[in-house]
Structures are given as structure tokens and as C-alpha cells.
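I would like to see how this sequence folds:
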Amino acid sequence: MELQQNTNTAIDKSGNVDLAKIESVDLQKYDSIAVTIDEQNPNSIINFGSDLQNSLASQSDSFLNNVRKSNSGEVGELINKLLVELNYVDVDELEGSSMKKFLKKIPFFGKMVTSIETLFVKYDKIVTNISDISNKVNAGIINSTKDNAVLQTIFTGNIDSVKKIEDYIIAGSLKHQQSTEELVQMEANAANYQDYQISDKRDFIARLDRRLADLKVVRFIILQSLPQIRLIQSNNISIAEKAQTILTTTLPVWKNQLTLAVAMHRQQQNIEIQNKVSSTTEEILRKNAQRLQQNTVNVARANEQTIVSVETLRETTSSLINTLNEVKQIQQQGAQNRIALDGELKNLEQTLKNQMQNS
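Residues are numbered from 1 along each chain as shown. Sure, this is the predicted structure:
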């Protein structure tokens, strides 16, 4: 929502009032506000515009309570926990064991199976943790969206409040001008007035001037809050978008690659078992070769030709490890980029504040 053009022609962007520019149709409205200031009642100046300020304070307190209950700031922490879980995945442990290690375990095949089952139990636990964290991240995204909705309400309310405060400033300025003119007449005809009456008039004008200055400050603070609200909303959207990307893109890709790693690990296991069977068969054939001689030798040679190249298996394993390491580096780089983005956003926010303070 863009800022609406100022409809009060009697007040400029800096809060300066030009009473000569007051539209005649608006005079009655400003006069009705100005009459609430009673020179005989010192509290009337103190209370002038206070209802509006109390409303703004109440609105801010309500938003702070909602933020405190929603704890939407937990999203960043949850994403960090998610990355820790992802980094905990050791692909080398799953599929990177060499054939020599595998062959050493063949005589203890039962122990090997138990070890693999234990490994899968650990990965199942990781997946469960990731699912739990993902659910909490989703909840955090929802809270960020709710915060933005409340902030939008405050944004719209602040625009309306600026217009109301401007009405008070213009009305108070009218009263200030009227009282100043009256003081000039009283001072010109001092003999017709008691000294305290002139003094009271001066005090009233001074207190009204201070109150108008306060209202102008409040108006400026509200105007300053508008870009601040937009920046917070933008940050919430960025956090939600990044979290959503992780949930909808990164995690499915990771799970897909883990599934492929498990499948290829089992495939490699079957190939190695077949190789071991072939090797055992060769040993049997060699023993029988002493009795069967040339026929057994021919069978052994035929079986040798069916062995899958060990170098091929090592090359495919190395390629998968490199691929997964690159994914891990990309995730780390993404985390660094987000940290850098947070720092840049803080610098931009400080620059904006400084600019608005100096303008």
C-alpha cells in the first residue's frame, strides 16, 4: 500500500503550517477541534491529542504481545538445526566403503547385515528429526505471515493517524494565532487588563506552542515508522521465502539423493556378493582342476571373463562422493550468503534511519 497524497494543503511534508492555505470548507472542522482547548483549564493543553497518542501506544503494545507469543524469530534457529541434520549425513559411511573392507566382512556376513541395519536406523532417525524441524519451520512461516498482516494494519492505521494529528496541529495553530493576536491587543491596552491576565495569556501561548511541537514530533515519528514497517515486512517475506525454498526444493532433492545412495549401495553390495560367489566358484574349480585338468581350466577362464571391473566401481563411487560434497558446499555457501544478507539489511536500515533523521 502506497502513501496517500497529503490532503491537508495547510501543512507540508515537514509539518510546517500555513494557515492562509486552509480551505474554507475545513474551517468549521478545525474550529470544532480548537474549542476543546480551554485557556482556563491547564489540563486541556496536556490532553490535546492525547487520545490519539494513547490509541497508537495501545496498537503497538498489542502487536508486541502477538510477536512475543508467536516467537516467529525461531525460524532462523530452526533452519540452522535443519542444516546441522543435513550436514550430519555422511554419504561415505553409506556407500563409500571399499571392496577390500567388504570382502573382509564376507566371512562374517551376519555381522555385516547387522551393521547395515544399524546404519539405516540412524538415517531413519535423521529423516524423522528433519520432518519435525520442517513442521516447526512451516509454523514459523505462518507466524511471519500473521505478523505481516498485523503490521499492515498498523501501517494503514498510522497513515490515518498522521492525518488526524495534522488536523490537531492545524487546529492548535489556529488557536495559537488567535491567542497571539489577543495578546497583542492586551499588551497594546495594558491599562484595561490586570497584569496576571496578560501573564496567563503568555503562559497559555507558550504551553500551546510546546504542545504543538510535541504533536509535530509524534507526526514525524509515525511517518518514520512507515518505511521501517515496510522493511520488517520485507524481511519477514524473505525469511519465509528462503524457508519455503528449503522445504519444497532442498529437502526433496536431498531425500532423493539419499534414496539413490541407498539403492546404489545395495546394488554395489549385490555385485560384490556375486563377485565373491564367482571367486569362490573359481577356487572350487581350481581344486577340481587337479582331477579334471583341462576342462576345469577352461571353465575357470570363462568365469574370469564375467567379473565386473573394480576400477569401474571405484570411479562411480568417487563420482557420487564428489557430487554430494558439491551439494554440501553449496548449502554452506548459502548459509554464508544469508549471514551477509542480514548484515547488509542492518546497514541499509541504519542508512535509512540516518537519512530520515537528517532530512
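
when you work out contacts or count neighbours from here on, use the C-alpha atoms and nothing else.
Fine.

just the pLDDT for G334.
Note on G334: pLDDT of 84.

can you offset everything so residue one is 52?
New numbering, starting at 52: the last item is G385.

elements contacting the helix or strand where it lies?
Assessed by DSSP states H and E, G385 sits inside helix 361-409. Judged by 3 or more CA pairs under 8 Å, 6 or more residues apart in numbering; DSSP states H and E, helix 361-409 is in contact with helix 142-146, helix 246-296.

for those, which has the smallest mean pLDDT value?
When I compare the helices and strands packed on helix 361-409, helix 142-146 is least confident, with a mean of 52.

just to revisit the earlier point, next, the angle helix 246-296 makes with the helix holding G385.
170 degrees (axes from the mean of the first three to the mean of the last three CA atoms, to 10 degrees).

residues in contact with Q236?
By CA atoms under 8 Å, 6 or more residues apart in numbering, the contact list for Q236 is empty.

next one: T299 from Q91, what distance?
To Q91, T299 is 68 Å away according to CA to CA, to the nearest Å.

out of the helices and strands packed on helix 361-409, nearest to T368?
T368 lies closest to helix 142-146 among these, at 7.4 Å (CA to CA).

circling back: including distance to K187 and mean neighbour count, could the helices and strands packed on helix 361-409 go into TSV?
What follows is these, written out as TSV (distance: least, CA to CA, whole Å; neighbours: other CA atoms under 10 Å):
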stretch	distance to K187	mean neighbour count
helix 142-146	26	16
helix 246-296	11	16
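
need the ones you listed in a markdown table with distance to A222, can you?
Converted to a markdown table, the helices and strands packed on helix 361-409 look like this (distance: least, CA to CA, whole Å):
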| stretch | distance to A222 |
| --- | --- |
| helix 142-146 | 73 |
| helix 246-296 | 10 |
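
those helices: which one's closest to N194?
Of all the helices and strands packed on helix 361-409, helix 246-296 comes closest under CA to CA, at 9.5 Å.

and that closest one, what does it pack onto?
Using 3+ CA pairs under 8 Å, 6+ apart: helix 246-296 touches helix 94-97, helix 125-139, helix 160-239, helix 361-409.

average pLDDT across the first one?
Put plainly, it is helix 94-97. Helix 94-97 shows a mean pLDDT of 84.

hmm, who's touching that helix?
The contact list for helix 94-97, computed with CA under 8 Å, 6+ apart, reads T87, I88, D89, R258, L259, R262.

measure the fifth one to Y219 for me?
Right, L259. Distance from L259 to Y219, by CA to CA: 12 Å.

also the fourth one?
To Y219, R258 is 15 Å away according to CA to CA.

now do the last one
Here the distance between R262 and Y219 works out to 10 Å (CA to CA).

repeat for S212
From S212 to Y219 the distance is 11 Å (CA to CA).

same thing with Q203?
24 Å.

and the two? which has more neighbours close in?
Neighbour comparison, Q203 and Y219: the larger count goes to Y219, with 21 against 17 (by other CA atoms under 10 Å).

D102 is in contact with that one, correct?
No - contact status for Y219 versus D102: not in contact, 11.3 Å apart, counting by CA atoms under 8 Å.

coming back round to it: from the contacts of helix 94-97, which two are the most distant?
T87 and R258 (14.9 Å).

phi, psi for K64 please.
phi -60, psi -30 (degrees, to the nearest 10).

count the neighbours of it for me.
Around K64 sit 11 other residues, with neighbours defined as other CA under 10 Å.

and the one 3 residues further on, by the same measure?
N67 is surrounded by 12 other residues when neighbours are defined as other CA under 10 Å.

distance check, I220 against R270.
Distance, I220 to R270, by CA to CA: 9 Å.

let me fix that: Q79
To R270, Q79 is 23 Å away according to CA to CA.

one more: V188?
38 Å.

again with S95
20 Å.

let's see the pLDDT reported for N122.
So, for N122, pLDDT stands at 48.

tell me which residue lies farthest from the centre of the chain.
Within the chain, the residue lying farthest from the chain centre (CA atoms, centre = their mean) is R342, at 78.0 Å.
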